[in-house]
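K.L.:
A structural model of the following input is requested.
(chains A and B)
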Amino acid sequence: MGAHILIVEDSALVVSALRILLEDAGHRVSDAGSVRAALDIARSDRPEVMLLDLALPDGDGLSVLETLSNDGLAPRVTVAVTGRDEPHIIARCKRLGCREVLVKPIRAMALPTQVAEWLAE
Amino acid sequence: MTRIGAGYHTVEERLRTLEERVEEQTRTIDELRNRDALKTQFLSNVSHDLRTPLTAIVTHAEILRDGILGDLSPKQLESICGIISGGRQLIGMVGEILMYARGAADQLSLTPTEFAIGTVIEQVTSQVEPLAVKKGLEIGVDVEKDMPPLCADREKITHILSNLLGNAIDFTEHGGRVWVNASRTTTVQSAASVLIEVGDTGIGIAPEHHELVFREFAQVDASASRHHHGTGLGLAIARKFVELHDGRIWVESAPGVGSRFYFTVPVHASC
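P.N.:
Numbering: from 1, shown residues only, chains lettered A, B, ... in the order given. The predicted structure follows:
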């Protein structure tokens, strides 16, 4: 049984690649290109997994997780996806509850297996 | 009154002029430093931004390669593999530019763990082995028995080895030999250190260029660099990583004879 996965990412090119991979693995995929869109989708159709880009056009990606956590609506698993791997950024992601931090360029082909592992925990 | 230069000036006037010049030079230096910092920040931002489309290109190509969207003919597969290989090469170059930018901004730090250097050498060697085999090169590894565990930044040591071994393969022609040796040594900085040698029987480097190859953007032989591609930052980054560990890196080489790159890392570099 597939999970509902929300991809929060403002690059349509990246979203389309991840969508193909995750749908091929049997998951239902939604996507949002901004903080506002991510909150709207997550509130109306709560995802089990959220892949969260940190740099979004209308603000900090982590604010999505922070807001959802405050509302008691955090997804079961949130994974940060970022081009920045500075230790303080990774530490902040972990502090706010990200299960993992994937640094771009991510090994996307491994993502379906990783999702299965996160959901099995 | 004192006669200085062509005119008559008091010592005070001359002093004031000198002070003004010093102030002007200081302002110029500050401005150049600011511009250099801005340039470094720009490099860092661009490198970050390039990672996103590169991820998309490589992932889309991998989706096609793995047949997720249907089978490909052998020629289509070969073409897709070319895109993936080019994309990965670009990703590597972007990573080097980013690393350089961080080094220039003094933003590099060590994340030490304890590990066996032999294991890291094995991993790096197995990663580059297909390249060596493709070029018809013999690759050898010799790690001294009972080496003590190394406490260092594993990722950075891996990066140094990958860079040196990658260069050795790049600059060695068909039928040549590349090798990695690791042994114990002592240095001025540390009684117990590890000495790693990455050697090849390749084109070699003239003695007058031995220092130059470790400088940023250095291109010892423009034609060779163009042939082998790259940012020209690899060895400069390797040196920075070695020095972060209080180690030393150097090369012994001669044209046509091959090269031997050495670096030392104190056993307890960062713990």
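K.L.:
close to chain A, is the strand or helix carrying residue B:96?
P.N.:
According to DSSP states H and E, residue B:96 maps onto helix B:74-104. Yes. Contact of helix B:74-104 with chain A (C-beta under 8 Å from any C-beta of the partner chain) involves residue B:91. Every C-beta, even on glycine, is put in place using the N, C-alpha and C of the backbone.
K.L.:
just the helices in the stretch 101-250 of chain B please.
P.N.:
Applying DSSP state H, counting those that start in this stretch to the stretch 101-250 of chain B gives helices spanning B:117-134, B:154-170, B:222-228, B:234-244.
K.L.:
before we move on, what about chain A?
P.N.:
Secondary structure of chain A (DSSP state H): helices at A:12-24, A:35-44, A:62-70, A:87-95, A:111-120.
K.L.:
and residue 10, what pLDDT?
P.N.:
Because you didn't say which chain, this covers chain A. You'll see residue A:10 listed with a pLDDT of 91.
K.L.:
ah, I was thinking of chain B
P.N.:
87.
K.L.:
re earlier: show me what the helix holding residue B:96 is packed against.
P.N.:
Applying 3 or more C-beta pairs under 8 Å, 6 or more residues apart in numbering or on different chains; DSSP states H and E, one finds that helix B:74-104 contacts helix B:11-65, helix B:234-244.
K.L.:
out of these, flag the one nearest residue A:89.
P.N.:
Nearest to residue A:89, of all the helices and strands packed on helix B:74-104, is helix B:11-65, at 11.2 Å by C-beta to C-beta.
K.L.:
that closest one versus helix A:111-120: what angle between them?
P.N.:
Taking axes from the mean of the first three to the mean of the last three C-alpha atoms, to 10 degrees, one finds helix B:11-65 and helix A:111-120 inclined to each other by 90 degrees.
K.L.:
could I get the CA-only coordinates of stretch A:63-74 as PDB?
P.N.:
Extracted in PDB, the C-alpha atoms of stretch A:63-74 (Å, rounded to 0.1, in the frame of the first residue of the first chain):
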ATOM      1  CA  SER A  63       8.800  27.000   8.800                       C
ATOM      2  CA  VAL A  64       6.300  24.500   7.100                       C
ATOM      3  CA  LEU A  65       7.400  21.800   9.600                       C
ATOM      4  CA  GLU A  66       7.400  24.200  12.500                       C
ATOM      5  CA  THR A  67       3.900  25.400  11.800                       C
ATOM      6  CA  LEU A  68       2.500  21.900  11.200                       C
ATOM      7  CA  SER A  69       4.200  20.600  14.400                       C
ATOM      8  CA  ASN A  70       2.600  23.400  16.400                       C
ATOM      9  CA  ASP A  71      -0.800  22.500  14.900                       C
ATOM     10  CA  GLY A  72      -0.300  18.800  15.700                       C
ATOM     11  CA  LEU A  73      -0.300  18.000  12.000                       C
ATOM     12  CA  ALA A  74       3.400  17.100  11.400                       C
END
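K.L.:
residues in contact with that stretch?
P.N.:
A:8, A:35, A:38-39, A:42-43, A:46, A:50, A:52, A:56, A:75, A:78, A:96-98 (C-beta atoms under 8 Å, 6 or more residues apart in numbering or on different chains).
K.L.:
before we move on, the earlier item: which among the helices of the stretch 101-250 of chain B is found nearest to chain A?
P.N.:
helix B:154-170 (10.2 Å; C-beta to the nearest C-beta).
K.L.:
now do the closest one and helix B:74-104, the angle between them.
P.N.:
Going by the same axes, to 10 degrees, helix B:154-170 makes 120 degrees with helix B:74-104.
K.L.:
buried residues, the helix holding residue B:96. List them.
P.N.:
Within helix B:74-104, the residues that qualify as buried are B:80, B:83-84, B:87, B:90-104, counting by 16 or more other C-beta atoms under 10 Å in any protein chain shown.
K.L.:
can you redo the helices of the stretch 101-250 of chain B as JSON lines with mean pLDDT, mean neighbour count and distance to residue B:42?
P.N.:
Output for those, formatted as JSON lines (pLDDT from 0 to 100; neighbours: other C-beta atoms under 10 Å in any protein chain shown; distance: least, C-beta to C-beta, whole Å):
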{"stretch": "helix B:117-134", "mean pLDDT": "92", "mean neighbour count": "16", "distance to residue B:42": "32"}
{"stretch": "helix B:154-170", "mean pLDDT": "93", "mean neighbour count": "22", "distance to residue B:42": "23"}
{"stretch": "helix B:222-228", "mean pLDDT": "48", "mean neighbour count": "11", "distance to residue B:42": "24"}
{"stretch": "helix B:234-244", "mean pLDDT": "92", "mean neighbour count": "21", "distance to residue B:42": "19"}
